[in-house]
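A.B. asks: no sequence on this one, just coordinates:
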């Protein structure tokens with residue numbers, strides 16, 4: 001008797017070709033002229049009460065919403081963002097102020113032409129915000145995680161998508177609610193000139209990101225006690241949801257390109273769907289416009305047509321790889337940092353990615369790297385801390401190679417910090 005051949009073809013997720021084209025066109029439109037060299041910097045801040053360092057929430061009477069309302073006169077009325085009757089974002093030339101799920105206040109700054117331009121824009125923001133917060137009885141601090149308050153005690157802000165994210169991430173992985181409500185990061189974005197340049201920068205950023213994360217680590221606390229992990233942010237994201245985090249699958253395959261990235265994103269469940277800008281969904285109840293998507297991919301949710309820009313941005317924003325591709329390249333490895341440290345990080349990124357000689361030398365150094373090598377480097381940093389040898393080299397080697405002699409990790413960024421933790 002002949003054993004029948006079993007086909008598993010029906011299990012394959014085949015992204016809609018029109019959706020793939022939409023993402024690839026979006027990447028193409030992000031190409032910059034050679035030599036532009038722009039930066040974007042995002043610093044997320046944790047709001048804490050001056051009296052006891054506990055978290056300030058969005059809804060409390062003298063909380064985050066009140067801060068945004070008092071900041072309104074300094075910002076462009078055309079760039080305000082509201083959810084129902086709640087103010088959730090502000091903007092003006094050079095800076096946008098938005099909220100993460102737990103009321104973390106994010107300052108998105110750019111496009112910068114020189115890393116040092118960060119300081120002027122950021123200090124203007126703080127010069128306006130700090131007196132308001134002093135009156136309200138709280139301040140913004142730059143740590144990777146809330147110092148005293150547990151994620152369980154922090155409600156999400158009123159964006160509908162965060163309720164859907166809570167439903168999804170509350171059931172998937174290990175750290176979703178912690179990440180959403182109590183963590184904060186620094187992210188640096190760079191441009192690219194074409195597909196080859198974009199993929200090369202993604203590979204390089206993915207390789208060096210964990211090493212830079214070690215030298216710029218800034219998470220002294222986790223859930224009210226001393227942080228137990230050498231790299232807390234990496235630990236949370238790597239165990240968040242394997243479908244959408246960590247090293248981009250296939251990135252180090254020489255054939256990898258924009259279509260492969262698009263197929264990976266489109267073939268993954270959306271986490272939460274957003275049909276608020278989908279014309280075909282007009283008239284549906286609000287609960288049908290933003291909802292948790294445990295199984296539905298973009299092909300299940302969006303019509304059989306090319307996606308509009310809002311839909312493309314939403315689909316890409318549901319992926320959280322260490323280095324994320326949009327119409328720019330976003331490196332996401334790093335804890336929230338005081339602005340002086342964020343500026344230094346941006347200077348290092350500029351040297352490594354925009355100095356042709358330094359970039360060529362580093363790419364040659366990592367020639368032949370595989371995705372498994374990056375996973376191993378990340379694992380050894382978590383396992384061995386200061387004694388780690390990522391890519392087989394001690395941390396002193398990387399300090400010298402990446403010109404990090406002046407960089408100190410765990411530098412106190414706020415008066416509540418009791419000590420410089422060394423691992």
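C.D. replies: Nice, I can see it. Keep in mind that this is a model prediction, so the values were computed, not measured.
A.B. asks: In terms of helices and strands, where is the residue nearest the centre of the chain?
C.D. replies: Among the residues of the chain, the one closest to the centroid is residue 332, at 4.4 Å (CA atoms, centre = their mean). Assigned by DSSP states H and E, residue 332 belongs to strand 329-335.
A.B. asks: And that strand, how far out from the chain middle?
C.D. replies: 6 Å (CA atoms, centre = their mean, to the nearest Å).
A.B. asks: picking that back up, could I get the pLDDT score of the residue nearest to the centre of the chain?
C.D. replies: Reading off the confidence values, residue 332 has pLDDT 96.
A.B. asks: Not counting residues beside it along the chain, what's closest to it?
C.D. replies: Spatial nearest neighbour of residue 332, chain neighbours left out: residue 187 (5.2 Å); criterion: CB to CB, 6 or more residues apart in numbering. Yep, even glycine has a C-beta here, placed from its N, CA and C like the rest.
A.B. asks: secondary structure class for that neighbour?
C.D. replies: strand (DSSP: H, G, I helix; E, B strand; the rest coil).
A.B. asks: Let me know the distance separating it from residue 36.
C.D. replies: To residue 36, residue 187 is 19 Å away according to CB to CB, to the nearest Å.
A.B. asks: neighbour-wise, which of the two wins?
C.D. replies: Taking other CB atoms under 10 Å, residue 187 and residue 36 do not tie; residue 187 has more neighbours (19 against 14).
A.B. asks: contacting residues for that one?
C.D. replies: Counting by CB atoms under 8 Å, 6 or more residues apart in numbering, residue 187 touches 40, 41, 42, 330, 331, 332, 334.
A.B. asks: So what's the residue count around the fifth one?
C.D. replies: Put plainly, it is residue 331. When neighbours are counted by other CB under 10 Å, residue 331 registers 25.
A.B. asks: With adjacent residues omitted, what lies nearest to it?
C.D. replies: Distance criterion CB to CB, 6+ apart; nearest residue to residue 331, sequence neighbours excluded, is residue 205 at 4.8 Å.
A.B. asks: quick check, that neighbour in a helix?
C.D. replies: Yes: assigned with three-state DSSP, residue 205 falls within a helix.
A.B. asks: Was I right to think it contacts residue 330?
C.D. replies: No: with contact defined as CB atoms under 8 Å, residue 205 does not reach residue 330; the gap is 9.1 Å.
A.B. asks: And these two? Which one has more around it.
C.D. replies: Neighbour comparison, residue 205 and residue 330: the larger count goes to residue 205, with 23 against 20 (by other CB under 10 Å).
A.B. asks: residues contacting the more buried one?
C.D. replies: 322, 323, 329, 331, 353.
A.B. asks: Enumerate the helices of the stretch 151-300 of the chain by residue range, in sequence order.
C.D. replies: 160-169, 176-182, 195-215, 232-238, 258-266, 298-301 (DSSP state H, counting those that start in this stretch).
A.B. asks: helices or strands next to the second one in the packing?
C.D. replies: Secondary structure elements in contact with helix 176-182, counted by 3 or more CB pairs under 8 Å, 6 or more residues apart in numbering; DSSP states H and E, are helix 160-169, helix 232-238.
A.B. asks: and what of the fifth one?
C.D. replies: Under the contact criterion of 3+ CB pairs under 8 Å, 6+ apart, helix 258-266 touches helix 17-29, helix 195-215, helix 298-301, helix 309-317.
A.B. asks: which one of the ones you listed is the most hemmed in?
C.D. replies: Comparing the helices and strands packed on helix 258-266 by mean neighbour count (mean count of other CB atoms under 10 Å), helix 195-215 ranks first with a mean of 21.
A.B. asks: by how many degrees do that one and strand 329-335 diverge?
C.D. replies: 10 degrees (axes from the mean of the first three to the mean of the last three CA atoms, to 10 degrees).
A.B. asks: so for helix 195-215, what's the average pLDDT?
C.D. replies: When pLDDT is averaged over helix 195-215, the result is 98.
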